[in-house]
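K.L.:
Build me a structure from this.
(one chain, ligands or ions: 1)
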Amino acid sequence: MLLSVRDVTLRFGGIVALDGVSFDVSRGVVSGLIGPNGAGKTTVFNVITRLYAPDAGEVELDGKSLLRTPAHGIVRRGIARTFQNINLFRSMSVLENVLVGGHSLGRSAGEREALEALDVVGLAPLAGKPAAALPYGTQKRVEIARALMAQPTLLLLDEPAGGLNHEEVEALGDFILRLRDERALTILLVEHHMSLVMRVSDHVNVLSFGRKIASGPPAQVQADPAVIEAYLGVQE
Ligand code: ATP
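P.N.:
Numbering: from 1, shown residues only. You can find the predicted model right below:
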């Protein structure tokens, strides 16, 4: 097991954002993490990356606790993440933005490595373009290339399909599968775009109001009455 989240509880004042959440992620899979708005998905990412300390529970990577690793040590443990909102340096080129991902590790990553990361997301030809000039969906791919510079074993993607058009979502699905198959990456994917989640995930966990309500292969989870009710019961 690469990642193990066990009985994690986290409260914000009176809100129980995570209520005894447990799930495992095997090495080399795409693991979907879904649930209605406010279910606790981003909070799970923030616990794994040590931005939030849980009130109870344990998180282990490769059998060793992550909870004793400070937030700035998470990249060195092999975890990289992208965020819901784009966070690129607008005045810098695509290549420069990707190179920044290597600097966060405290090592100066070479241009060749950055170009390789851009190639994985299909953007090597745009390396010299200013990041701000790119369409939104392309900027999101630059962010993923930047995360790859940390050479993670576990990649956390927070709503990568948000704001993408149909073709961009298809391309995103293709390269998520390539990351898994060609780079042996393990990916934890938070996403509202259901057809993408169902297409690329090997396994899906479902949260609702901070609790895990279902876990299993995509088709099984999609047909689970508790999951259908959680989605239908929420006015989005
Ligand atoms: P979405 O799909 O809308 O992004 P989510 O499943 O990622 O939702 P979270 O952002 O993890 O949900 O939020 C879970 C709950 O915790 C919500 O009720 C949210 O308001 C609350 N919450 C999250 N972060 C904080 C915080 N820093 N302070 C107070 N409450 C918070």
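K.L.:
can you list the domain ranges for this protein.
P.N.:
Domain assignment for the chain by automatic domain parsing gives 1-78+152-236, 85-150.
K.L.:
between these, which gets the lowest average pLDDT?
P.N.:
Of all the domains of the chain, mean pLDDT reaches its minimum on domain 85-150 (a mean of 85).
K.L.:
now check that domain, is it near the ligand?
P.N.:
No: residues of domain 85-150 contacting the ligand under C-beta under 6 Å from any ligand atom: none, with a closest distance of 10.9 Å. Yep, even glycine has a C-beta here, placed from its N, CA and C like the rest.
K.L.:
Measure how far that domain is from the centre of its chain, please.
P.N.:
17 Å (C-alpha atoms, centre = their mean, to the nearest Å).
K.L.:
now do stretch 169-181
P.N.:
Taking C-alpha atoms, centre = their mean, one finds stretch 169-181 lying 13 Å from the centre of the chain it belongs to.
K.L.:
for stretch 197-204, same thing?
P.N.:
Relative to its chain's centre, stretch 197-204 lies at 13 Å (C-alpha atoms, centre = their mean).
K.L.:
export the domains of the chain to CSV and tack on mean neighbour count?
P.N.:
Shown next, in CSV, are the domains of the chain (neighbours: other C-beta atoms under 10 Å):
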stretch, mean neighbour count
domain 1-78+152-236, 17
domain 85-150, 18
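K.L.:
near the ligand, which residues of the chain?
P.N.:
Counting by C-beta under 6 Å from any ligand atom, the chain sits next to the ligand at 12, 15, 17, 35, 37-43.
K.L.:
Let's see that with 8 Å instead.
P.N.:
Neighbours of the ligand within the chain, by C-beta under 8 Å from any ligand atom: 12-13, 15, 17-18, 35-46, 52, 84, 158-159, 190, 192, 207, 210.
K.L.:
Show only the entries of those residues found in helices.
P.N.:
Of these, the ones assigned to helices by DSSP state H are 41-46.
K.L.:
residues in contact with Glu96?
P.N.:
Taking C-beta atoms under 8 Å, 6 or more residues apart in numbering, we find Glu96 in contact with 89, 131.
K.L.:
Tell me who's in contact with Gly78.
P.N.:
Gly78 sits next to 61, 151-154 when contact means C-beta under 8 Å, 6+ apart.
K.L.:
ditto for Leu185
P.N.:
Residues near Leu185 by C-beta under 8 Å, 6+ apart: 28, 152-155, 179.
K.L.:
hmm, try it at 10 Å
P.N.:
Contact analysis of Leu185 by C-beta atoms under 10 Å, 6 or more residues apart in numbering lists 27-30, 80, 120, 148, 151-155, 176, 178-179.
K.L.:
residue boundaries of the strands in this structure?
P.N.:
Taking DSSP state E, the strands of the chain run over residues 3-12, 15-25, 30-34, 56-61, 64-65, 79-82, 154-158, 186-190, 203-208, 211-216.
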